[in-house]
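J.: only the shape, not the letters, is given here:
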């Protein structure tokens, strides 16, 4: 949930009204996510989805990696900007929910370009020799630092990485957090900001997106 959703719903509605329309398939997926899942707030929201689409369309990436598929909304947003020969690999470990994103991927015009795998992302990153143009990570926060360290060798100059939920409902302001997820998010943000090989900016969109570019 974003700051505006919680504190100023009128402003949040204004922002959505004045953003580009989402494709009909994504609207239906978003609605079904809220009907059929127990944690629908985990879906990338309308505004964040349009951000992912715009970034992808600006980059026209050939190789995209997503860690944390959930119901596939962000996947389809990223797929909108794929190069005509591009592919997106999206990874998740939730077998019970697998049917929902796969249903919409199969229906999508990008179905042939989406490689959906039920696989641990750490194992995948340790095994693959692929180099990615664009990476979106919205998964278990306790492993954010490890994901960053594993993805670094898989990037080229100009590659972009986005980490979601890096403000963690404002908990990153806690100087001595007890929750491991908060500790790891703070560690990631500190690590990225101090890294000489990357430039970044945290966007206060929804729960915070760390936008990172490899120099």
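T.: On my side now, so go ahead. Everything numeric in this text was worked out from a predicted model, so none of it was measured.

J.: which residues in the chain form strands?
T.: 63-67, 87-92, 114-118, 132-137, 155-164, 198-203, 209-214 (DSSP state E).

J.: which one of those strands lies closest to residue 176?
T.: Closest to residue 176 of those is strand 198-203 (C-beta to C-beta; 20.7 Å). (Glycine included, C-beta is placed from N, CA and C.)

J.: residue closest to the middle of this structure?
T.: residue 136 (3.9 Å; C-alpha atoms, centre = their mean).

J.: what's the most buried one of the strands of the chain?
T.: strand 63-67 (a mean of 26; mean count of other C-beta atoms under 10 Å).

J.: contact partners for residue 210?
T.: 162-163, 166, 188-189, 192, 200-203 (C-beta atoms under 8 Å, 6 or more residues apart in numbering).

J.: hmm, try it at 10 Å
T.: Shown in contact with residue 210 (C-beta atoms under 10 Å, 6 or more residues apart in numbering): 137, 144, 148, 161-167, 185, 188-189, 192-193, 200-203.

J.: next: residue 149.
T.: So residue 149 contacts 125, 188, 191 (C-beta under 10 Å, 6+ apart).

J.: so the second one makes contact with residue 164?
T.: No - taking C-beta atoms under 10 Å as the definition, residue 188 is not a contact partner of residue 164, at 11.4 Å.

J.: pLDDT weak spots in the chain?
T.: 1-7 (pLDDT under 70).

J.: if we use 50, what do you get?
T.: Applying pLDDT under 50 to the chain picks out residues 1-4.

J.: residue 194: how many residues sit nearby?
T.: Number of residues near residue 194 (other C-beta atoms under 10 Å) recorded here: 8.

J.: hmm, I typed the wrong one, I wanted residue 150.
T.: Count around residue 150 with other C-beta under 10 Å applied: 18.

J.: excluding chain neighbours, what is closest to it?
T.: residue 125 (4.0 Å; C-beta to C-beta, 6 or more residues apart in numbering).

J.: wait, that neighbour touches residue 65, no?
T.: Yes - assessed by C-beta under 10 Å, residue 125 is found in contact with residue 65 at 8.5 Å.

J.: shared neighbours of these two, which are they?
T.: 91, 151, 154.

J.: got a markdown table for these, with distance to residue 105 too?
T.: Converted to a markdown table, the shared contacts of residue 125 and residue 65 look like this (distance: C-beta to C-beta, whole Å):
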| residue | distance to residue 105 |
| --- | --- |
| 91 | 13 |
| 151 | 23 |
| 154 | 23 |
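
J.: residue 139 versus the residue nearest to residue 150, what's the distance?
T.: 12 Å (C-beta to C-beta, to the nearest Å).

J.: hey, what's in contact with both of these two?
T.: 67, 91, 147.

J.: coming back round to it: any common contacting residues for residue 188 and residue 164?
T.: 137, 141, 144, 210.

J.: need the contact list for the residue nearest to the first one when sequence neighbours are not counted.
T.: For residue 137, the nearest residue in space outside its immediate sequence neighbours is residue 67; the separation is 4.5 Å by C-beta to C-beta, 6+ apart. Contacts for residue 67 (C-beta under 10 Å, 6+ apart) come out as 89-92, 120-122, 124-125, 135-140, 143-144, 147, 150-151, 163-164.
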